[in-house]
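[1] sequence first, then the predicted structure:
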Amino acid sequence: MIGLGSYGYTAPSSKKINAYDVPQGVDIRGRFDEEFAKILTKDALQFVADLQREFRNHIKYAMECRKEAKRRYNEGALPGFDPATRYIREGKWTCAPVPPAVADRRVEITGPVERKMIINALNSGAKVFMADFEDALSPSWENLMRGQINLKDAVEGTITFNDKARNRVYKLNNEIAKLFVRPRGWHLPEAHIFIDGEPATGCLVDFGLYFYHNYATFRNTQGQGFGPFFYLPKMENSREAKIWNSVFEKAEKMAGIEKGSIRATVLIETLPAVFQMDEILYELRDHSVGLNCGRWDYIFSYVKTFQGHPDRLLPDRGQVGMTQHFMRSYSDLLIRTCHRRGVHAMGGMAAQIPIRDDPTANEAAFELVRKDKQREVKAGHDGTWAAHPGLIKTCMEVFTNNMGNTPNQIETVKRDDASNLTEDDLLQRPRGVRTMEGLRLNTRVGIQYLAAWLTGSGSVPLYNLMEDAATAEISRVQIWQWLKYGVELDGDGLGVRVNHVFGRVVEEEMARIEREVGKEKFKKGMYKEACKIFTRQCTASTLDDFLTLDAYNYIVIHHPKDVSSKL
Ligand SMILES: CC(=O)SCCNC(=O)CCNC(=O)[C@H](O)C(C)(C)COP(=O)(O)OP(=O)(O)OC[C@H]1O[C@@H](n2cnc3c(N)ncnc32)[C@H](O)[C@@H]1OP(=O)(O)O
Ligand SMILES: O=CC(=O)O
Ligand SMILES: [Mg+2]
């Protein structure tokens, strides 16, 4: 069977048909490109199709379980530790030893799978680069396929980028960061690849194509016999980790490499998952290199999990930091859990980025990052995330000043005190106030982020902070929650109800965005569409699970329907 891209059909007179050569049951509906075809080979697609066929029912079941859990939380239940898996939490087991290649992960830079950024990130001096198909990437066909090409070139060491405007050629240094890849979450489809008549699962496409093309080279050049390495996002329950473990085993078998070669760090970034950390590590115990505090999605998940609980409304987004009791408890328990099981407890991302045109504000931003990293390393984290190459030195200094030459703190900081943390600690209501400025900022950031996402950028600087899908989600669900429960903005003495002002706030913030970005950019950009999608989601009677699921429909571009039938 042949799948055609939108530009894949060449008129019969030219006698040339450009098409992806696909295995039985696979249909490519994204644009044809000769470079993409080097990634979408028949064998690689066969591997993705094998994964899809073996795991699709497991994934569907896991997504149904998420819905069932949501129903229970909406009826008033609270997430908590599962009595049925107490034996795992109390058992004396450990994960497989950490591979030497990634023992030291004190600073990890993250970024989308964009060509120049990949080179900059690998050269940044960070120990690890997490290349992102997830929060930081708008998953258009072009971005995904180019991302795969870029990663293949990076693993092969041949990646270059020619910035003609600046007359600068980018290439890899001799010493580069170790590469981790973060595929999309389980919930996201890949609408440009159909398998047996259904869209493929996004993360199996990301994982499958990357693994297929790179495992051999990666293990030789980067992994010292291990790898490839992954980050796994947005899981809610250990049954989802079990699926990943089986995916890894199948991949290892296909490749003829030893079980336990592939390693992954799971982001604990949903509220239900904090009660499943041992269970997640247990399922992945042959393939784990730790857990990471994905703080931004975690805050988003707090709101989502408690969408039916009017007594748990969040204060302004800016006030929900890592020093709130529930956030600190989550980080402490994560460290204790990981170190008890012999793996890394990774910290998270401070949202501040360098501010070029204001030295005072820049120093203040660096100071916030410094403090955040100091808190992390002193608590016992083994490493942290940096959003920008300009922050690596600062993060590195903090971790090295505290850890010296030891590669991590797995053996030295056990945090047994955190074993006393209770469900109440992990769920404690965040303290703070809600303000008009908080509402305005959420609106302005949410709309601008979505406008960027719709035009291909999944991570952007806004008001001197890094914004990505996770931070934008907080803005969205916070407004939804405040509207749903008719919240009064109590923090600035105005005492107005959000419902009474939201319409006006949207209009005023759109006007402000237009002023800030300029009329030309505003007209050319997708701000109006973004505003429509964002406000629709904020005012929906039922909370959408993900901002990007609905928005994804706007970036799917299928080839014309009649192309195949013309042949
Ligand atoms: C919640 C989470 O999931 S966090 C993880 C997901 N989020 C991310 O990964 C965000 C990563 N960071 C970024 O995308 C960017 O830093 C942004 C969008 C926040 C800011 O980007 P910009 O405004 O372009 O940064 P700026 O103009 O200061 O960049 C300066 C240089 O650093 C490079 N750079 C900036 N951030 C990164 C990065 N994360 N990785 C590699 N290079 C980077 C730029 O490419 C640019 O390179 P150049 O000088 O060779 O042209
Ligand atoms: O992925 C990281 C997060 O904070 O969300
Ligand atoms: Mg996240």
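    Alright, I've got the coordinates. What you see is a predicted model; the values in this text were computed from it and never measured. Ligands and ions are numbered 1, 2, ... in the order given.

[2] all contacts plus neighbour counts: C-alpha atoms, from now on.
    Will do.

[3] looking at this, Gly342 is in a helix?
    No - using DSSP: H, G, I helix; E, B strand; the rest coil, the secondary structure at Gly342 is coil, not a helix.

[4] how close does it sit to Gly290?
    8 Å (C-alpha to C-alpha, to the nearest Å).

[5] more neighbours: which of those two?
    Set Gly342 next to Gly290 and count neighbours by other C-alpha atoms under 10 Å: Gly290 wins out with 30 against 22.

[6] my read: that one touches Cys338, true?
    Yes - Gly290 is within contact range of Cys338, at 6.2 Å (criterion: C-alpha atoms under 8 Å).

[7] shared neighbours of the two, anything?
    Common neighbours of Gly290 and Cys338, counting by C-alpha atoms under 8 Å, 6 or more residues apart in numbering, are 344-345.

[8] where do the helices sit along the stretch 301-450 of the chain?
    Using DSSP state H, counting those that start in this stretch, the helices found in the stretch 301-450 of the chain span residues 325-340, 359-379, 392-403, 423-427, 436-454.

[9] Lys116: which of these is closest?
    Of all the helices of the stretch 301-450 of the chain, helix 392-403 sits nearest to Lys116, with 17.5 Å by C-alpha to C-alpha.

[10] buried residues in that closest one?
    Buried positions in helix 392-403, judged by neighbour count with 16 or more other C-alpha atoms under 10 Å: 392, 394-400, 403.

[11] if we can go back for a sec, now tabulate the helices of the stretch 301-450 of the chain in TSV and tack on mean pLDDT and distance to Asp297.
    Converted to TSV, these look like this (pLDDT from 0 to 100; distance: least, C-alpha to C-alpha, whole Å):
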stretch	mean pLDDT	distance to Asp297
helix 325-340	98	12
helix 359-379	98	17
helix 392-403	98	22
helix 423-427	98	15
helix 436-454	98	15
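
[12] got CSV for these, with distance to Arg31 too?
    As requested, these are exported to CSV (distance: least, C-alpha to C-alpha, whole Å):
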stretch, distance to Arg31
helix 325-340, 43
helix 359-379, 42
helix 392-403, 38
helix 423-427, 46
helix 436-454, 18
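
[13] and those: which comes nearest Phe207?
    helix 436-454 (21.9 Å).

[14] next one: the closest one, is it in contact with ligand 1?
    No - judged by C-alpha under 6 Å from any ligand atom, helix 436-454 makes no contact with ligand 1; its nearest approach is 10.5 Å.

[15] distance between that helix and the chain's centre?
    Helix 436-454 sits 19 Å away from the centroid of its parent chain (C-alpha atoms, centre = their mean, to the nearest Å).

[16] roughly how far apart are the closest residue to Leu144 other than its chain neighbours and ligand 1?
    Once flanking residues are discounted, Leu144 sits nearest to Phe133: 7.3 Å by C-alpha to C-alpha, 6 or more residues apart in numbering. Phe133 is 9 Å from ligand 1, where distance means C-alpha to the nearest ligand atom, to the nearest Å.

[17] surely Phe133 is in contact with Asp206?
    Yes - Phe133 is within contact range of Asp206, at 7.4 Å (criterion: C-alpha under 8 Å).

[18] hmm, Asn245 is touching Tyr282, no?
    No - contact criterion C-alpha under 8 Å: Asn245 and Tyr282 do not qualify, at 10.1 Å.

[19] who's in contact with Met63?
    Applying C-alpha under 8 Å, 6+ apart, one finds that Met63 lies in contact with His187.

[20] quick check: which element contains it?
    Assigned by DSSP states H and E, Met63 belongs to helix 42-74.

[21] domain parsing for this protein?
    What the record gives for the chain is the domain set 43-427, 436-553, from the TED database.

[22] any chance of these in CSV, plus distance to ligand 2?
    Compiled in CSV, the domains of the chain are given as follows (distance: least, C-alpha to the nearest ligand atom, whole Å):
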stretch, distance to ligand 2
domain 43-427, 3
domain 436-553, 5
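
[23] adding distance to Phe36 as columns, could you present the ones you listed in a markdown table?
    As requested, the domains of the chain are exported to a markdown table (distance: least, C-alpha to C-alpha, whole Å):
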| stretch | distance to Phe36 |
| --- | --- |
| domain 43-427 | 6 |
| domain 436-553 | 18 |
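
[24] in which helix or strand would I find the residue of the stretch 1-150 of the chain found nearest ligand 1?
    At 3.3 Å from ligand 1, Gly111 is the closest residue in the stretch 1-150 of the chain, using C-alpha to the nearest ligand atom. Using DSSP H and E, Gly111 maps to strand 107-112.

[25] got a list of contacts for that strand?
    Identification of contacts with strand 107-112 by C-alpha under 8 Å, 6+ apart yields 117-118, 121, 124, 126-134, 136-137, 383-389, 392, 395-396, 399, 458-459.

[26] so which of the residues you listed are in strands?
    128-132, 383-386 (DSSP state E).

[27] just flag the most distant two among the residues you listed.
    Asp132 and Gly383 (18.0 Å).

[28] more neighbours: the two, which one.
    Comparing Asp132 with Gly383 by other C-alpha under 10 Å, the one with more neighbours is Gly383, at 29 against 23.

[29] beta-bridge partners for the more buried one, please?
    Beta-bridge pairing for Gly383 (DSSP bridges): Met346.

[30] what pLDDT is listed against it?
    Per-residue pLDDT puts Gly383 at 98.

[31] list the buried residues in the host helix or strand of Gln537.
    Element membership of Gln537 [criterion: DSSP H and E] is helix 527-539. The neighbour-count check on helix 527-539 (16+ other C-alpha under 10 Å) flags 527, 530-531, 533-535, 537-539 as buried.

[32] CA-only coordinates of that helix, as PDB, when you get a sec.
    This file holds the C-alpha atoms of helix 527-539, laid out as PDB (Å, rounded to 0.1, in the frame of the first residue of the first chain):
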ATOM      1  CA  TYR A 527      -3.900  35.600  17.900                       C
ATOM      2  CA  LYS A 528      -7.600  35.800  17.000                       C
ATOM      3  CA  GLU A 529      -7.800  32.000  16.500                       C
ATOM      4  CA  ALA A 530      -5.800  31.500  19.700                       C
ATOM      5  CA  CYS A 531      -8.100  33.800  21.600                       C
ATOM      6  CA  LYS A 532     -11.200  31.900  20.400                       C
ATOM      7  CA  ILE A 533      -9.800  28.500  21.300                       C
ATOM      8  CA  PHE A 534      -8.400  29.700  24.700                       C
ATOM      9  CA  THR A 535     -11.600  31.400  25.800                       C
ATOM     10  CA  ARG A 536     -13.800  28.600  24.600                       C
ATOM     11  CA  GLN A 537     -11.800  26.200  26.800                       C
ATOM     12  CA  CYS A 538     -11.800  28.600  29.700                       C
ATOM     13  CA  THR A 539     -15.500  28.900  29.600                       C
END
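
[33] what helices or strands is that helix leaning on?
    helix 436-454, helix 469-484, helix 547-552 (3 or more C-alpha pairs under 8 Å, 6 or more residues apart in numbering; DSSP states H and E).
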